[in-house]
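Visitor: have a look; sequence and predicted model below, questions after that.
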Amino acid sequence: MNKKHIITIAGSLGSGKSSTAKKLSEVLNYKHFSTGDFMRSIADERGVPLAELSKMAETDPSIDRMLDDRNLEVGKMKNIVLDSRLGFHFIPDAFKVFLELDPVIASERILHDKNFNPNRNKESSGSFDTPESIKEKINFRLESERKRYKDLYNIEDHTSHNNFDLVINTEKIPLEEVCKKIVEEYNNWLNK
């Protein structure tokens with residue numbers, strides 16, 4: 001396999017994917033891309049809120065195709081960190097990382113983040129007022145993604161650890177340590 005100088009970051013909601021990808025790109029001096037940013041740009045192009053675009057994606061495969069095309073374009077580059085649930089699928093010769101977090105802890109983190117930074121989740125639909133409501137939305141989104149990815153790509157479970165080169169549970173590990181572990185394992189992987 002021809003290994004690419006690309007790291008894909010996927011993971012559970014609230015596990016720190018975005019923060020890790022941004023920090024990792026700084027540490028490695030790599031360019032950072034995010035499927036979330038791609039989604040926001042598509043929402044802006046179509047003049048709809050992000051939550052509405054996500055709902056539309058359940059019945060409009062053109063949205064996923066646009067995201068897929070952007071991921072494939074990123075896969076042609078080098079020195080990249082990509083925050084994407086399906087990066088492992090579209091760039092199989094990248095170093096693939098999955099960040100794991102228990103949904104209960106994730107819901108508490110998301111609520112804390114929302115309270116600490118109210119603008120961060122302003123495009124989310126519905127209320128994110130309690131850990132229970134957040135956990136319910138996490139589970140709903142996960143099931144929606146599983147169905148979509150099965151229908152579109154025949155991926156049984158996009159969260160299966162078998163899809164990744166490295167899995168890290170971020171519950172008790174600070175961001176800097178997560179990045180340090182990824183860089184260490186990435187360098188080992190490149191040199192094998």
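Guide: Yep, it's here.

Visitor: any idea how far residue 7 is from residue 55?
Guide: 30 Å (Cβ to Cβ, to the nearest Å). Backbone N, C-alpha and C define where each C-beta goes, glycine included.

Visitor: who's more crowded, these two?
Guide: residue 7 (29 against 14; other Cβ atoms under 10 Å).

Visitor: select the longest helix from this structure.
Guide: As assigned by DSSP state H, the longest helix anywhere in the chain is helix 131-153.

Visitor: tell me what that helix is packed against?
Guide: helix 61-74, helix 103-116 (3 or more Cβ pairs under 8 Å, 6 or more residues apart in numbering; DSSP states H and E).

Visitor: what's the following helix or strand after the first one?
Guide: Of the helices and strands lying after helix 61-74 in sequence (DSSP states H and E), the nearest is strand 80-83.

Visitor: what does that next one contact?
Guide: Contacts with strand 80-83, where a contact means Cβ atoms under 8 Å, 6 or more residues apart in numbering, come from 5-9, 17-18, 20-22, 24-25, 28, 30-36, 71, 74, 91, 94.

Visitor: helices and strands of this structure: which one bottoms out on pLDDT?
Guide: Ranked by mean pLDDT, DSSP states H and E, the helix or strand of the chain with the weakest confidence is helix 103-116, at a mean of 75.

Visitor: tell me the angle of that one relative to helix 131-153?
Guide: 110 degrees (axes from the mean of the first three to the mean of the last three Cα atoms, to 10 degrees).

Visitor: which secondary structure elements does helix 103-116 sit against?
Guide: Counting by 3+ Cβ pairs under 8 Å, 6+ apart, helix 103-116 packs on helix 131-153.

Visitor: avg pLDDT for the helix it packs on?
Guide: In this model, helix 131-153 has a mean pLDDT of 81.

Visitor: and if you look at stretch 168-180?
Guide: Average pLDDT, stretch 168-180: 95.

Visitor: do stretch 73-82 as well
Guide: Rounded mean pLDDT across stretch 73-82 is 95.

Visitor: the least confident helix or strand of the chain: how far from the chain's middle?
Guide: Computed by Cα atoms, centre = their mean, to the nearest Å, the separation of helix 103-116 from the middle of its chain amounts to 16 Å.

Visitor: residue 168 falls within a strand, correct?
Guide: Yes: looking at residue 168 with DSSP: H, G, I helix; E, B strand; the rest coil, it is inside a strand.

Visitor: what about residue 18, neighbour count?
Guide: By other Cβ under 10 Å, the residues close to residue 18 number 16.

Visitor: do you know the pLDDT at it?
Guide: Taking residue 18 on its own, its pLDDT is 92.

Visitor: what distance do you get for it to residue 33?
Guide: Residue 18 sits 11 Å away from residue 33, going by Cβ to Cβ.
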